[in-house]
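Asker: Let's see this in three dimensions:
(chains A and B)
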Amino acid sequence: MALSNRQIAETIRHMGQLLEILGEESFKVRAYYRAAETILRQEKPLAEKTAAEMSRLPGIGKNIAAKIVELHETGRIREYENLRESIPAGLVELLELDGVGPKTVHKLWKKFGIVNVDELEAAARGHRLRSMRGFGEKKEAEIIRSIAHHRHRSGRMRRDQAEQVIDTVTAVLPPGSYTVAGSFRRGKSTVGDIDIVSVASPFTMNPLLSSVADEVIDEGERRTSIRVGARRVDVRFTDRAHFGSMLMYLTGSKLFNIHLRNIAQEQGCKLNEYGIEHLNTGEPFTFADEEAMFHHLGMDPIPPELREDTGEIECAQQHTLPSLVEPGHIRGDLHVHSTGSDGVLGIRDLARIGEQRGYEYILVTDHSASLGVAGGLDAHAVRRQLHEIEVANRDRGCHLLAGIEVDILGDGRLGLPDSVLQDLDIVVASVHSGLKQEQDIMTRRIISALHNEHVDILGHPTGRLLGRRPAFEVDMARIIEAAAETGTAMEINASPHRLDIDDIHVRQAKEHGVRMAISTDAHRKDDFANMRYGVAIARRGWCGRNDILNTKSLNELLEFIQ
DNA sequence: GCCGTTTTCGGCCCGACTGTTTTCAGTCG
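Answerer: Numbers count the residues shown, from 1 in each chain, chains lettered A, B, ... in the order given. Below is the predicted model of the structure:
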């Protein structure tokens, strides 16, 4: 079977890591990493492209295209095999240690024969590293510390976990003295570390930061880094006159920053976190806010969620940035559970919560009975709930819509018969079982559900649980095509545990004219507030108000669904 | 390795901080 784009990207990335350990120049290494990024973002399988077509993609040239073709035709890349033979496999893991980069890995390997984390730890504890130039007591201690962190670290944080870290840190800071930047501000579904811009002086802030830190990694007048729990928090200090350029710098992404600096260079300027400087005249420009800096560069302000260097900079220059959906546009929730299945809220509770949130409608979507674990609704229970909803709707306020989250069974049939589904306002269909099916079977299974005339929304389309369970194998390009063809909406599940589908697929779906439903999948009251996470993902997927089903009024929604 | 309305060769973002340095390399974001 042809390799997936993800597998190809992993291979190219791994090649970059191996070259880095060998001591290849950084630009060549970066070229591999950049190519891997591009490959990940491709919608169509690269297997269908020729070398010439591939080399038209940004960051992929003749050489890497040839390697991908070789991989398709022979199942391997000769150069990659050679690299793997000459470099011990455990060395790549050493790159993941804080404070250990490619130069250090290379030296450890060549000078001490260290090829994995265990050997490095033994050498550091035995004080054997000190004979190496640039290594002393502190460096050894740092390595022992970062190995400990590495061992009990659990990857990136979910957004709700990131918020906990932010709350811990900002609880001791003066209100108004800080702004959270980084990937958190860009709305990413997971966050590596926390970046904060502070307009208060380091002399006031550093003691406060130390007081909440489990470890002070480094402390300076321009930047301080601390560890809170297992998480790194970086704080940059600035004054209000330079706030815009500092916030822009710290918000990133890295590729976005590099591209922006290239543009500044073309304009004869140097761009950094302190502003823009004209190289000829030496004239400095400072920016108190990001908007002013964008305008200086001749472009429209780019929302943080779009700053990934995937075309937004060109749009900003041509004044064609999309107008993105906002939290205030959301008029209802299209996936919530009640005590009818595994939720804790009664039908009337749902209506009350909807009213409190200012929603026009809430779609009640309990599980269908086929999902034994959740104690779902059978045909009889569906009719009983329909009646209950009807009664609740006699009170004015948030309108409850009758729906279901019906199982997509292993063979693509649904967990309830059409005779039941046809009485419901809106039907969400989701996969909950048989997650290990082979890709083609899973894909056809979902497509067959999309072709059921009663199915309106595909729930959590990849089934991923962030940090716990990967997305199941599915050909998303075919799913998106089928959704477009059948007029089925796709869910952006706003639970911070899911955020499914991800932003890359949202953008692909949007480009095919597929509508998205941003839904919380709420099981209890607090879950309704997760809507904001879903809106951020929609924005990262370039969605405007009209791309989102639940920005419609109740009447528009029902008309659209018919 | 990629890229190019000044370039097919010679560039490739820019700065903070640490440790072990007597002027800087390495790492990080």
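
Asker: Helices of the stretch 451-562 of chain A, start to end?
Answerer: With DSSP state H, counting those that start in this stretch, the ranges of helices along the stretch 451-562 of chain A come out as A:476-486, A:503-511, A:531-540, A:554-561.

Asker: most tightly surrounded among those helices?
Answerer: The highest average neighbour count among these, using mean count of other CB atoms under 10 Å, belongs to helix A:531-540 at a mean of 25. For the C-beta atoms, the positions are set from N, CA and C on the backbone; glycine is no exception.

Asker: Redo the helices of the stretch 451-562 of chain A as TSV? Include mean pLDDT.
Answerer: Output for the helices of the stretch 451-562 of chain A, formatted as TSV (pLDDT from 0 to 100):
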stretch	mean pLDDT
helix A:476-486	96
helix A:503-511	95
helix A:531-540	97
helix A:554-561	92
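
Asker: In JSON lines: these, plus distance to residue A:171.
Answerer: Putting the helices of the stretch 451-562 of chain A into JSON lines (distance: least, CB to CB, whole Å) gives the following:
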{"stretch": "helix A:476-486", "distance to residue A:171": "41"}
{"stretch": "helix A:503-511", "distance to residue A:171": "30"}
{"stretch": "helix A:531-540", "distance to residue A:171": "21"}
{"stretch": "helix A:554-561", "distance to residue A:171": "41"}
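
Asker: can you list these in TSV and add distance to DNA strand B?
Answerer: Formatted as TSV, the helices of the stretch 451-562 of chain A follow (distance: least, CB to the nearest atom of the strand, whole Å):
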stretch	distance to DNA strand B
helix A:476-486	23
helix A:503-511	19
helix A:531-540	19
helix A:554-561	41
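
Asker: out of these, nearest to residue A:230?
Answerer: helix A:531-540 (21.9 Å; CB to CB).

Asker: Show the contacting residues for residue A:226.
Answerer: Listed by CB atoms under 8 Å, 6 or more residues apart in numbering, the contact set of residue A:226 reads A:169, A:209, A:210, A:212, A:213, A:214, A:215, A:216, A:217, A:232, A:233, A:235.

Asker: Just the ones in strands from those, please.
Answerer: A:215, A:216, A:217, A:232, A:233, A:235 (DSSP state E).

Asker: mind listing what the fourth one touches?
Answerer: This means residue A:232. A:193, A:194, A:217, A:225, A:226.

Asker: so does stretch A:218-228 get close to DNA strand B?
Answerer: Yes. Contact between stretch A:218-228 and DNA strand B, assessed by CB under 7 Å from any atom of the strand, occurs at A:218, A:219, A:220, A:221, A:222, A:223, A:224.

Asker: That stretch: end-to-end distance?
Answerer: 13 Å (CA to CA, to the nearest Å).

Asker: biggest helix in chain A, by residue count?
Answerer: In chain A, taking DSSP state H as the definition, the longest helix is helix A:5-22.

Asker: Whatever helix or strand comes next after it vs helix A:5-22, what angle?
Answerer: Reading on from helix A:5-22 to the C-terminus, the next helix or strand found by DSSP states H and E is helix A:26-40. With axes from the mean of the first three to the mean of the last three CA atoms, to 10 degrees defining the directions, helix A:26-40 sits at 170 degrees from helix A:5-22.

Asker: send the alpha carbons of helix A:26-40 over as CSV?
Answerer: In CSV, the C-alpha atoms belonging to helix A:26-40 read as follows (Å, rounded to 0.1, in the frame of the first residue of the first chain):
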residue,chain,number,x,y,z
SER,A,26,21.9,24.2,9.5
PHE,A,27,20.3,25.5,6.3
LYS,A,28,20.4,22.1,4.7
VAL,A,29,18.9,20.6,7.9
ARG,A,30,16.2,23.2,8.0
ALA,A,31,15.3,22.5,4.4
TYR,A,32,14.4,18.9,5.4
TYR,A,33,12.3,20.1,8.3
ARG,A,34,10.5,22.6,6.1
ALA,A,35,9.8,20.0,3.4
ALA,A,36,8.3,17.7,6.1
GLU,A,37,6.0,20.6,7.2
THR,A,38,4.8,21.1,3.7
ILE,A,39,4.2,17.4,3.2
LEU,A,40,2.0,17.2,6.3
